[in-house]
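In: following is a predicted model, sequence given first.
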Amino acid sequence: MSTNRILGTRRSLLTAMGAAAIGISFTACGQKPEGSAAKSANGEEPKLNFYNWDTYIGETTLGDFKKATGVDVNMSLFATNDELFAKLKAGNAGYDVIVPSNEFVTRMSQAGMLETLDHGKIPNFKNVDPAFVNPDYDPGRRFSMPYTWLVLGIGYRKSKVQGVPDSWKYLFDSAQYNGRIALLSESADLVRLAAKYLGHSVNNIPPDLVTKIEQMLIRQKPYVKAFHDDNGQDMLVAGDVDLVLEYNGDIAQVMKDDPDIDFVIPKEGSLINSDTLCIPQGAPRPDNAHKFINYLLDAQAGAAISKTILYPTPNAAAKALMPPAYRDNKVIFPPADIMSKCEYGAFEGAEKASLYEEVITRVRAA
């Protein structure tokens, strides 16, 4: 997940069907979550307030959870991690489970905004792939459980490019595809991937390299058609561009219907994002929250979610239940040798985040 993935890009059948058609209750983004006075056996009312990205859940998941537990899930939506952070920073308005991305797990836990998880109440943690059990952004999974993961690469139209565009050079440092390139507008992602292209880690980028990156991207700016808000797959489908910086899940979705589209993770490596399940500080129903997180990590429930949203799952037991068309898809699950060159971006403080934003603001204004 990008730190600024916007509403509507974690797409699924919910969009086409409409929430009402499948019996899910929503609140508007700005409203407070619902509460209830009735109590269940654990002393908590049989309700749970879930703060999630748009269309980022299985078609029947919330209803199935209610059937299994009697707990009614009220799901409200946020558009970006920044919005989630700001809402919770102002105080928990009644949310029980939230879905921050990896960097924001670090940021929110450091700010005292997340409850410590009781692993004894999440036995389905055993279903998680070992690669996701002990991430750098949350050692020991004290505050988060893995929900999905994503990796950035280049989506491209095969008939419009010469060979496979397997380097960040084509996006950041070349006039070859003049006016046919779209870059993701997220500032930290752009700076980090440019650093990767120049042979550095995506983290701990020194000031002189940040300056070099800014100069390179300003030189490249005339050849870039657009900075997109994570709708690059739509630009590719429409023929507006031929190469786009996008997430593997988004490109995998459109590849199903357009055999001329493909995806590559450049040879220099890339950025991994992961969306997680957390309990915010002050959650009114922590027991129900643990039950819900445990349910989402169930093999059958996890598979149902993956079938709907088509993002890579870190749930090994759920993945095993998925068809080969999903499991063996090298876009959704890139090979290990490629993934070994990819890294998570670490939260390095608000000052560094602001610096990256300023750099890309100057690039876009150039």
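Out: Looks like it came in fine. Numbering: from 1, shown residues only.

In: give the buried residues for stretch 98-110.
Out: For stretch 98-110, a neighbour-count test (16 or more other C-beta atoms under 10 Å) marks 98-109 as buried. Just so you know, the C-beta spots here come from the backbone N, C-alpha and C atoms, and that holds for glycine as well.

In: also stretch 323-340?
Out: For stretch 323-340, by 16+ other C-beta under 10 Å, it's 326, 329, 331-334, 338-339.

In: for these, give me TSV that also has pLDDT.
Out: Shown next, in TSV, are the buried residues of stretch 323-340 (pLDDT from 0 to 100):
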residue	pLDDT
Y326	93
N329	93
V331	94
I332	93
F333	92
P334	94
I338	94
M339	92
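
In: and those residues, which of them are in helices?
Out: Secondary structure assignment by DSSP state H places 326, 338-339 of the buried residues of stretch 323-340 in helices.

In: okay if I get the residues you listed as CSV plus distance to D118?
Out: As requested, those are exported to CSV (distance: C-beta to C-beta, whole Å):
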residue, distance to D118
Y326, 32
I338, 36
M339, 31
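
In: what's the closest of those to A131?
Out: Distance to A131, by C-beta to C-beta, is smallest for M339 among these, at 8.6 Å.

In: tell me who's in contact with the closest one.
Out: Contacts for M339 (C-beta atoms under 8 Å, 6 or more residues apart in numbering) come out as 151, 272.

In: can you show me the helices along the stretch 251-366 of the chain?
Out: When assigned using DSSP state H, counting those that start in this stretch, the helices of the stretch 251-366 of the chain occupy the ranges 286-296, 299-309, 316-320, 324-327, 336-339, 350-365.

In: got a markdown table for these, with distance to D82 too?
Out: Below are those laid out as a markdown table (distance: least, C-beta to C-beta, whole Å):
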| stretch | distance to D82 |
| --- | --- |
| helix 286-296 | 23 |
| helix 299-309 | 22 |
| helix 316-320 | 29 |
| helix 324-327 | 31 |
| helix 336-339 | 27 |
| helix 350-365 | 10 |
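
In: buried deepest among the ones you listed, which one?
Out: Counting by mean count of other C-beta atoms under 10 Å, helix 286-296 has the highest mean neighbour count of these, with a mean of 22.

In: what's the angle from it to helix 299-309?
Out: Helix 286-296 runs at 70 degrees relative to helix 299-309, counting by axes from the mean of the first three to the mean of the last three C-alpha atoms, to 10 degrees.

In: need the contact partners of helix 286-296.
Out: With C-beta under 8 Å, 6+ apart as the test, helix 286-296 has contacts from 42-44, 46-48, 50, 61, 65, 68-69, 71, 73, 96-97, 115, 117-118, 121-125, 145, 147, 277, 279, 283, 301-302, 305.

In: sort out which of these are buried, if you could.
Out: Among those, those scoring as buried are 44, 46-48, 50, 61, 65, 69, 71, 73, 96-97, 115, 117, 122, 124-125, 145, 147, 277, 279, 283, 301-302, 305 (criterion: 16+ other C-beta under 10 Å).

In: out of these, list just those in strands.
Out: With strands defined by DSSP state E, the entries of the buried ones among the contacts of helix 286-296 inside them are 47-48, 50, 73, 97, 145, 147, 277.

In: list just the nearest of the residues you listed to I218.
Out: Comparing those against I218 with C-beta to C-beta places Y147 closest, at 36.8 Å.

In: state the pLDDT value of the closest one.
Out: In this model, Y147 is scored at 97, pLDDT.

In: for L7, same thing?
Out: Per-residue confidence (pLDDT) for L7: 35.

In: one more: S25?
Out: Per-residue confidence at S25 stands at 43 (pLDDT).

In: which of the helices of the stretch 251-366 of the chain sits closest to A252?
Out: helix 324-327 (9.0 Å).
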